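1. I would like the atomic coordinates for the input below:
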Amino acid sequence: MTIDRTSRWLPLVVLLLLGALLYQLSPILSPFLVGILLAYLGDPLVDRLERWGASRTWGVILVFTLFSLILLLLLVVLLPMLGRQLMHLYELAPLALDWLQVTGLPWIQAQFGLSEEFWRFDQIKSAFSANLGSTKDIVTVILSQATASSLALLAWLANLLLVPVVCFYLLRDWDLIMAKLRGLLPRRREETVMGLMRECHEVIGAFLRGQLLVMLALAVVYSVGLMLVGVDLGLLIGVLAGLASLVPYMGFVVGIGAAIIAVLFQFGLELYPLLGVVAVFTVGQMLEGMLLTPLLVGDRIGLHPVAVIFAVLAGGQLFGFAGVLLALPVAAVIMVLLRHVHDLYKLSDLYAEPPGPGTPVEPPKQ
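-> Numbers count the residues shown, from 1 in each chain. Below you'll find the model as predicted:
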């Protein structure tokens, strides 16, 4: 009896100890988590190259080269454009403060009967303008802050260099690692656990390969559409709206709000740019709802928007940027497990209907 009771509690104790260990090691886990994520994304490509006759090592090298070229393209083409738009936004901020002080806030004061000294906006504007005049080069400021602590900079560079190393070795030995982990499963529970793992794999794959493609497609649609309308910050707003589409409808709300504000500052109350912004985001929502999400993601994730927000915030709080990347896949796995717990609960005696007045009651087993 004691052995059976101990064997029941042992997995829970092991999980609690493992969770405590991971929490204590969270400062150094980021490169490993990102490496695992990249290896998981690249494994289907390597498997396909193996089916075409390539060796595992050469398949990993080819996939690694593809990832590197995509990253290089982002660094060479996209990041400088986003940097210029960020600088433009930084320089437009005092004009936005002027508009708020001269037009926006007086209208709010008149509508709600607030006193003229309620906002104290002169101090905010002067402080921001002074800071803007003394820090024209944001990159220089960031680098100066980063190099203030050489140890922190070296640790950051080491973590950055660890990501491709961890990804390469995990990707090369992925099938071997999965086979060894399967060999450790209890023989009587192997099929049940593998069924759960296959369902988790479908959900995670739907998110990682589906939702990320949806975000990328929306970012392209929004950015190209806003630049065709003539919005100066079109690329920046489009990328932010694409990233925000991780949460359902959040990308539409954030993107159209930021785009309308940018159009008002750039064109004033001209009707055609405003209609162009509305048309761009309407087309984006129609593509997402009728084509992109059904085709690329489907209904296999099924996370509530509030659960998505909580998972992203919790992942960022626990593991930083890597936690944000892994938050929704982990939440999707938890959802799969909870679904099976729910099914087991429905089949258990705890959920069963109470016996009726005429139902014979079985005597307790000796």
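
2. low pLDDT regions in the stretch 251-366 of the chain?
-> Applying pLDDT under 70 to the stretch 251-366 of the chain picks out residues 297-303, 321-322, 325, 353-366.

3. Repeat the analysis, applying 90 as the threshold.
-> For the stretch 251-366 of the chain, applying pLDDT under 90 flags the ranges 251-254, 257-274, 285-366.

4. So which bits of stretch 202-220 are buried?
-> In terms of neighbour count (16 or more other Cβ atoms under 10 Å), stretch 202-220 has its buried residues at 203-208, 210-211, 214-215, 217-219. All C-beta atoms are positioned from the backbone trio N, CA, C, and that covers glycine.

5. do the same with stretch 18-36
-> Buried positions in stretch 18-36, judged by neighbour count with 16+ other Cβ under 10 Å: 29-36.

6. Which helix runs longest in this protein?
-> helix 305-347 (DSSP state H).

7. if I look at residue 259, how far off is residue 97?
-> 20 Å (Cβ to Cβ, to the nearest Å).

8. ditto for residue 39
-> 47 Å.

9. And the two? Which one has more around it.
-> Neighbour count, other Cβ atoms under 10 Å: between residue 39 and residue 97, residue 39 has more, with 22 against 18.

10. residues contacting the nearest residue to the more buried one once chain neighbours are set aside?
-> Setting aside the residues directly before and after it, residue 39 is nearest to residue 170 in space (Cβ to Cβ, 6 or more residues apart in numbering), at 3.9 Å. Counting by Cβ atoms under 8 Å, 6 or more residues apart in numbering, residue 170 touches 35-36, 39, 177.

11. Please apply the same query to residue 54.
-> Taking Cβ under 8 Å, 6+ apart, one finds residue 62 in contact with residue 54.

12. quick one, phi psi at it?
-> phi -80, psi 150 (degrees, to the nearest 10).

13. Might one say that residue 267 is in contact with residue 275?
-> No: applying Cβ atoms under 8 Å, one finds residue 267 not in contact with residue 275, separated by 11.3 Å.

14. if you count what's nearby, which of those two comes out ahead?
-> residue 267 (16 against 12).

15. tell me which element the residue nearest to the more buried one when sequence neighbours are not counted falls in.
-> Counting by Cβ to Cβ, 6+ apart, residue 273 is the residue found nearest to residue 267 once chain neighbours are left out, at 4.6 Å. Here residue 273 is covered by helix 271-287, with elements defined by DSSP states H and E.

16. which residues touch the residue nearest to residue 267?
-> 229-231, 263, 266-267.

17. From those residues, keep the buried residues only.
-> Looking at these with 16+ other Cβ under 10 Å, the buried ones turn out to be 229, 231, 263, 267.

18. I figured the first one hits residue 274, correct?
-> No: if you go by Cβ under 8 Å, residue 229 and residue 274 don't touch, sitting 9.4 Å apart.

19. hey, what's in contact with both of these two?
-> By Cβ under 8 Å, 6+ apart, the residues touching both residue 229 and residue 274 are residue 263.

20. follow-up on the earlier one: and the furthest pair within the buried residues of stretch 202-220?
-> Pairwise distances across the buried residues of stretch 202-220 peak at 23.4 Å for 203 and 219 (criterion: Cβ to Cβ).
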